[in-house]
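# this one's sequence-less:
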């Protein structure tokens, strides 16, 4: 089997852990670095006391499966229409707000969290993941296409022999991370990249009534963290260290990335606090290596990702 002949399909569930049957025509998502692994696997041992010193064979007692992959940050091509990866964001505990012909906004949510069904087609094999919820990280680097990294955990079935489908992907071409008016506390810092992790705590509670021994996969808390590098400047411009020691809550914004309607996005955080400041360098230019944590300003607003 060829590694590159793989397809991911994803669709939101109406009822938890009930397969809504995603299709290659409507639910394919262009991804990279696709992988899977079993998690929470149980093998029930039988340490019987017998005349023999050997062991009885263990019994398979349930497992979950995890899919992981990266996806390009790109719009749908039409302002006010959800992007291809919007369903993945919802599966990671984010709400979706659509303003027709204008914008699509994703923010963290604490109630009514969506679950997903994902199909992983691997050159003739099909793995199904249902009742899935996940984690999300960002990778924004200057001169590269912005990407989001996803990990989904859920209940699995398969593999079964199914021909690799012909997937239909959104044709929008992503834009590289350029012309971004990044600011922190209204200061236009010079950076080469931004990373964040929504910090979802995804739990896998046991359930004796379930065929795999696991109940509903749940996101029970989140802790937004991130980092960026900033060129060192005089204290008069921005005192990174005093803002760290003072525990200042600061607004962070990438500014709009992209210039074409339907394929522009911006990331903002209303209240980030530096958690660590270190010395670094980029191409012999002195920098501060900065870690931060993002807090809420109101409710469920510690980060927003907006396409326009």
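That came in fine, so what should we check first? Not measured: the values here are computed from a predicted model. Numbers count the residues shown, from 1 in each chain.

# what segments of this structure are helices?
With DSSP state H as the criterion, the chain has helices at 86-91, 240-245.

# which one, of the ones you listed, ends up nearest to residue 154?
helix 86-91 (9.3 Å; Cβ to Cβ). From N, CA and C alone the C-beta is placed, and that goes for glycine too.

# quick check: buried residues in the closest one?
86-91 (16 or more other Cβ atoms under 10 Å).

# low-confidence ranges, the stretch 51-200 of the chain, go.
Counting by pLDDT under 70, not a single residue of the stretch 51-200 of the chain qualifies.

# now render the buried residues of helix 86-91 as CSV, adding distance to residue 230.
Formatted as CSV, the buried residues of helix 86-91 follow (distance: Cβ to Cβ, whole Å):
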residue, distance to residue 230
86, 31
87, 34
88, 30
89, 27
90, 32
91, 32
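
# now tabulate the helices of the chain in CSV and tack on distance to residue 161.
As requested, the helices of the chain are exported to CSV (distance: least, Cβ to Cβ, whole Å):
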stretch, distance to residue 161
helix 86-91, 27
helix 240-245, 56
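
# picking up where we left off before, out of the buried residues of helix 86-91, which is nearest to residue 183?
Among those, residue 89 lies closest to residue 183 (Cβ to Cβ), at 23.5 Å.

# and the gap between that closest one and residue 38?
Residue 89 sits 25 Å away from residue 38, going by Cβ to Cβ, to the nearest Å.

# between the buried residues of helix 86-91, which sits nearest residue 216?
Distance to residue 216, by Cβ to Cβ, is smallest for residue 91 among those, at 13.5 Å.

# that closest one reaches residue 117, doesn't it?
No: between residue 91 and residue 117 there is no contact under Cβ atoms under 8 Å: 9.5 Å.

# residues shared between the contacts of the two?
10, 132 (Cβ atoms under 8 Å, 6 or more residues apart in numbering).

# farthest pair in the buried residues of helix 86-91?
86 and 91 (9.8 Å).

# the residue lying farthest from the centre of the chain: what's it in contact with?
Centroid-distance maximum for the chain: residue 51 at 53.1 Å, with Cα atoms, centre = their mean. If a contact means Cβ under 8 Å, 6+ apart, then residue 51 has no contacts.
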